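J.: need a structure here:
(chains A, B, C and D)
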There are 4 protein chains.
Amino acid sequence: MPYETSDIRRIRLIAAPFAPLAADGSIRPDVIDRYATWLHAHGVSGAFVNGTTGEGCSLSVAERQCIAARWAACAPSGFRIIVHVGALALPDAQALATHAQSIGAAAIAAVAPSFYKPDAQALAGWCSAVAQAAPSLPFYFYHMPAMTGVQVRMRELVPLLLERIPNLGGVKFTHEDLFDYGCCVSRWGDRLEFSYGRDEALLPALSLGAPSATGSTFNLWPEVYLRMISAFRQGDLVTARAEQERARTLIDLAITHGGMPAMKAAMRLVHGIDCGPCRSPLTTPDPARATAFATAITGAMS
Amino acid sequence: MPYETSDIRRIRLIAAPFAPLAADGSIRPDVIDRYATWLHAHGVSGAFVNGTTGEGCSLSVAERQCIAARWAACAPSGFRIIVHVGALALPDAQALATHAQSIGAAAIAAVAPSFYKPDAQALAGWCSAVAQAAPSLPFYFYHMPAMTGVQVRMRELVPLLLERIPNLGGVKFTHEDLFDYGCCVSRWGDRLEFSYGRDEALLPALSLGAPSATGSTFNLWPEVYLRMISAFRQGDLVTARAEQERARTLIDLAITHGGMPAMKAAMRLVHGIDCGPCRSPLTTPDPARATAFATAITGAMS
Amino acid sequence: MPYETSDIRRIRLIAAPFAPLAADGSIRPDVIDRYATWLHAHGVSGAFVNGTTGEGCSLSVAERQCIAARWAACAPSGFRIIVHVGALALPDAQALATHAQSIGAAAIAAVAPSFYKPDAQALAGWCSAVAQAAPSLPFYFYHMPAMTGVQVRMRELVPLLLERIPNLGGVKFTHEDLFDYGCCVSRWGDRLEFSYGRDEALLPALSLGAPSATGSTFNLWPEVYLRMISAFRQGDLVTARAEQERARTLIDLAITHGGMPAMKAAMRLVHGIDCGPCRSPLTTPDPARATAFATAITGAMS
Amino acid sequence: MPYETSDIRRIRLIAAPFAPLAADGSIRPDVIDRYATWLHAHGVSGAFVNGTTGEGCSLSVAERQCIAARWAACAPSGFRIIVHVGALALPDAQALATHAQSIGAAAIAAVAPSFYKPDAQALAGWCSAVAQAAPSLPFYFYHMPAMTGVQVRMRELVPLLLERIPNLGGVKFTHEDLFDYGCCVSRWGDRLEFSYGRDEALLPALSLGAPSATGSTFNLWPEVYLRMISAFRQGDLVTARAEQERARTLIDLAITHGGMPAMKAAMRLVHGIDCGPCRSPLTTPDPARATAFATAITGAMS
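T.: From the prediction side, this is the model:
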């Protein structure tokens, strides 16, 4: 059974949790305990904290540290906390990295600084400076060109990172370019983790050997992906495709209803995890739209 | 064995042949007979004639008709000839479509008119007008936004095409967006053919149920893909991934050495099929670079 | 009076006329005589035939030749006919160029072939091959990256064109990049004509020394620009700015009401020049929208 | 003399100073006193502190405050200090705004938060929240879509800002879209300041009524622009164009030699203002390249 041989590791889902905010816009770490428990109970293996879904870049350094610390403190046993420390200012990213190490996070990750759009060499230097601030934790580069505009190919960046970062852990790969993703998994997948980040194309990534996935929709309908992964591992592509189609339909509903802010509202309406409104510049959907989205996905998830 | 159930059809490779040109820049249809025989002998199931690789848009209507007629005349039994008829001017596309039907082509295809960049509704109207000019042939829309800049999603276009085009055959899908591709295969794959066109990501497309692939690199190293498909159909993902990695490495070599013009030269140097230089605005690589590319891929193909 | 010294030549307006089509979609050259007379009577100095506004790329070679011939035949004395001959296929562009010379056009112009997106060197070679087909006419490169996606800078292309094209006339510069435009006018403006093509930014181009302008809105409200140019030449920037603001407002109305197809309809409704519908893939606005646009601009033009 | 009527105000140059860094990467505010004196002595009217040229987004909040405070403290009489307070995190931008007010800055400015790319409504809300944190200072929106990817048109944003921000001062408009710029100056130029930010197209902006300019190259060759402005105000476009061409040539040299980091090095080599290296992710040019650039511009400035 070649499948079992090639996919010997458990394929993990890592959720990117929403930012826990109160109605007045301040952070509200008290919701995190229940949130972590809920994710763990629904088959999710870890949390990618303060990332894109977590509005990390809209939070101050102090707020990010407070949220990260709470996730680290309440993580169920075996539940991985990856703290996103990316920031435009290198001192901020370094301070966040050092803090993440101090609170016992499992790993750190950093998105490219997106204002000046570095090339591969400059980006590798920047990543190295961040990784050095948390030398005992694995460092993941968070590749998301749709948000950053930084178009460096990972098959060009990874060799530069390997030269410079002894604690390199891998890449959170949030991009539809499976040419580049496949190169990475084939070339360095035995040493590094390339966690795929486009939930709508996870089955194709699995075909290339994805060891894990990190994304926003694992907050809302993790079971769809768990069923897909299970079917894939058993060689049942008919079922796997049907579950991926279900996920695509759900994601299209999310896009239609307002994107990530709609998902944040649905996390409260559907699953009872209340992370409050979004912070400006994101806007919170009005209640009618949020309810329409929650209703639409409730029927479509199973 | 779920694989056999889901992939009951043979997965076909369709090559997009190079334009047969003489040293003086005129067309040279005499090379087509050998070309067709070679492709057929190497496991390729058909030819997508006058497409992007075939420099179709750089040829006059008369030249395109002459080349298409030769391919139709010399096609081995069972070898499908799909004639690309896309053109900026609708009368040209229609004339090419009518001609393709008259010469016994198996199907026609048309890329979006790329100068005015139509939206989905306007594009569906345009496709319908082309398809009506060859009513007895299946019509394929050729989706290649990297070249055309037309960003219409296929999951939005296909319903419009289904309403308007009784002879709709499917889509040649040359785009890395497997979200959109998966939607199409899942929703209309039982009625329409979505032939995948990014050779470097064919394995992921297979995981979603791709019934066929249409691309340029099937001219040069079809065996790599045939081995990959065979392994995939047997559930041997380890081998399939290794062959996809081989294809990616070869494609990166092609990109590095000058892209499609380098591949055209290699078709002559490696396989003895001489299609001559490229026509302006494409440029022909100098002999040293062409030879370097041919040498590089010769070692890497098997 | 430094102005008179620097702008000694008359600043000319060249209109890009609409394609004359009948209700059944065929071309209708009979409208051209009245059209040319109308433009001439309203202060327009020439016509850029079969360009973007003229749907040149949506017409067959034969249709383009027929339209060009009619413009050349009926041009009032001193009224310049520049025939756009750009096409994806070089033989088509060359045939159009040779024809333009045979009918007595004043000049030819060609947009970049946009499918393969040549670099500067390849583009210069292509232009040279077109220009050679009409050696006794000035050749203009038609720079419009918003439509073609060809991003070559003119300050890099012009030196290459000067080396290769003895009959180089200049550039129709339809791009908002006034950095590049200014370089061209300063460096080669004494030898070549850089005709500006963004009507909404003509006053800024005049400040840099634009000798002429070629655009679509000179069909509809040429008087606005004539007043602006006259004021500019007299050093009356207050009036020139007010007329440019009037033009911007009119252009925003055009954008809001459907773009070029709306302008084509308005040419009939406001000025009585009936060029019929647009050809697919462009779509013709419904009558209510066309009337709304015509009404809106009628009030705003003077 | 219509010019005098229309351009009654003095046209001001505001330089965007480089970040003062030491060799070890820490900030070095001690250089600011000389820097301010130098700019003032060379005809520059103010400083746009911690902006794109000032690497503001690469500095921590504390570092930005320290630098801003020094500029405010040492500004020559009449020299305007505009503090850029834009940041991805709203609390950071607000803290910087409040601080800027406390140190006696003349105005604040904020670039769009670029990670989530707000639409016009969301952006107006975000700007309002920043402006409220410094209610006694004019607020400028800093429009620079090439860096932020936020493509909102100013003629759509300004009305929303006017509704929400009583202390709105205007827009720093760093974009080549003179269609949009002209709309703003014509419609709200009597109430708001639209300071143009593309030094290479300042003459065209002057033709539209630009009251001031804010840019990076006013650090290095302010005299070129002062001569251009003076000539423009006297109606001498021949001289104005020649000076704009000189500026374009210098800017092309900067682009060729490494962009902003090369300019930072030249500020030391040519003018003796030592702001040290650039901070990662920007990279500092090697000494040979910096010297080559300094030499090249020294000859070309006058």
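J.: every contact and neighbour count from this point should use C-alpha atoms.
T.: Will do.
J.: for A:Gly54, what are phi and psi?
T.: phi -90, psi 10 (degrees, to the nearest 10).
J.: surely it meets A:Ala15?
T.: No. The criterion here is Cα atoms under 8 Å, and A:Gly54 misses it with A:Ala15 at 10.2 Å.
J.: please list the residues of the stretch 51-200 of chain A that sit near chain D.
T.: The stretch 51-200 of chain A comes close to chain D at residues A:57-60, A:88-92, A:113-118, A:122-123, A:125-126, A:147-148, as judged by Cα under 8 Å from any Cα of the partner chain.
J.: mind giving me the ChimeraX select for those, buried ones only?
T.: Selecting only the buried entries of these in ChimeraX, with 16 or more other Cα atoms under 10 Å in any protein chain shown as the criterion:
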select /A:57,58,59,60,88,89,90,91,92,113,114,115,116,117,118,123,125,126,147,148
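J.: just the residues of the stretch 51-200 of chain A next to chain D that are near chain B?
T.: Checking those against chain B by Cα under 8 Å from any Cα, not one of them is in range.
J.: looking at the residues of the stretch 51-200 of chain A next to chain D, which are in helices?
T.: A:90-92, A:122-123, A:125-126, A:147-148 (DSSP state H).
J.: which of A:Gly54 and A:Ala15 has more neighbours?
T.: Remark: of A:Gly54 and A:Ala15, A:Ala15 carries more neighbours, 27 against 23, as counted by other Cα atoms under 10 Å in any protein chain shown.
J.: from A:Ala231, how far off is that one?
T.: From A:Ala15 across to A:Ala231, the span is 20 Å (Cα to Cα, to the nearest Å).
J.: quick one: the helices in chain A, in order.
T.: Applying DSSP H to chain A gives helices spanning A:2-6, A:32-41, A:61-74, A:90-102, A:120-131, A:145-148, A:154-164, A:178-188, A:202-207, A:222-233, A:237-257, A:260-271, A:287-300.
J.: so which of these is the most surrounded?
T.: helix A:202-207 (a mean of 24; mean count of other Cα atoms under 10 Å in any protein chain shown).
J.: what lies in contact with that one?
T.: Helix A:202-207 is contacted from outside by A:178, A:181-182, A:196, A:213, A:228-229, A:232, A:240-241, A:244, B:178, B:203-205, B:207-208, B:237, B:241, using Cα atoms under 8 Å, 6 or more residues apart in numbering or on different chains.
J.: dump the residue contacts of A:Ala129.
T.: With Cα under 8 Å, 6+ apart, A:Ala129 has these contacts: A:90, A:94.
J.: farthest-separated two in the ones in helices among the residues of the stretch 51-200 of chain A next to chain D?
T.: A:Pro91 and A:Met147 (21.4 Å; Cα to Cα).
J.: and the residue of the stretch 201-302 of chain A closest to chain C?
T.: For the stretch 201-302 of chain A and chain C, the shortest gap (Cα to the nearest Cα) falls at A:Thr256, measuring 24.1 Å.
J.: what's the pLDDT at that residue?
T.: The model reports A:Thr256 with a pLDDT of 95.
J.: that one and B:Cys183: what is the separation?
T.: In terms of Cα to Cα, A:Thr256 sits 16 Å off from B:Cys183.
J.: what's the answer for A:Pro118, then?
T.: The gap separating A:Pro118 from B:Cys183 is 35 Å, by Cα to Cα.
J.: and A:Gly189, by the same measure?
T.: 28 Å.
J.: these two touch, right, A:Ala100 and A:Ala68?
T.: Yes. Assessed by Cα under 8 Å, A:Ala100 is found in contact with A:Ala68 at 7.2 Å.
J.: and for the two, which residues touch both?
T.: A:Val83.
J.: poorly predicted segments of chain A, please.
T.: Residue ranges of chain A with pLDDT under 70: A:1-9.
J.: just the closest residue of it to chain B, please.
T.: Scanning chain A for proximity to chain B using Cα to the nearest Cα identifies A:Pro204 as nearest, at 4.1 Å.
J.: what does the stretch 151-300 of chain A have sitting close to chain B?
T.: Residues of the stretch 151-300 of chain A lying close to chain B (Cα under 8 Å from any Cα) are A:176-179, A:182-183, A:186, A:200-201, A:203-205, A:207-209, A:235-238, A:241-242, A:245, A:248.
J.: centre of the chain to stretch A:52-63, how far?
T.: 14 Å (Cα atoms, centre = their mean, to the nearest Å).
J.: how about residues contacting that stretch?
T.: Applying Cα under 8 Å, 6+ apart, the contact partners of stretch A:52-63 are A:16-19, A:27, A:49-51, A:64, A:84, A:86-87, A:92, A:96, A:216, A:260, A:279-280, D:88-92, D:115.
J.: for the residue lying closest to A:Val130 once chain neighbours are set aside, give me its contacts.
T.: Nearest residue to A:Val130, sequence neighbours excluded (Cα to Cα, 6 or more residues apart in numbering or on different chains): A:Gln94, at 5.2 Å. With contact taken as Cα under 8 Å, 6+ apart, A:Gln94 is in contact with A:85, A:129-131, A:133-134.
J.: check the offset of stretch A:81-96 from the chain's centre.
T.: 15 Å.
J.: gap between the two ends of it?
T.: Terminal residues of stretch A:81-96 lie 14 Å apart, using Cα to Cα.
J.: likewise for stretch A:99-112?
T.: One end of stretch A:99-112 sits 19 Å from the other (Cα to Cα).
J.: can you pull the buried residues of it?
T.: For stretch A:99-112, by 16+ other Cα under 10 Å, it's A:99-101, A:105-112.
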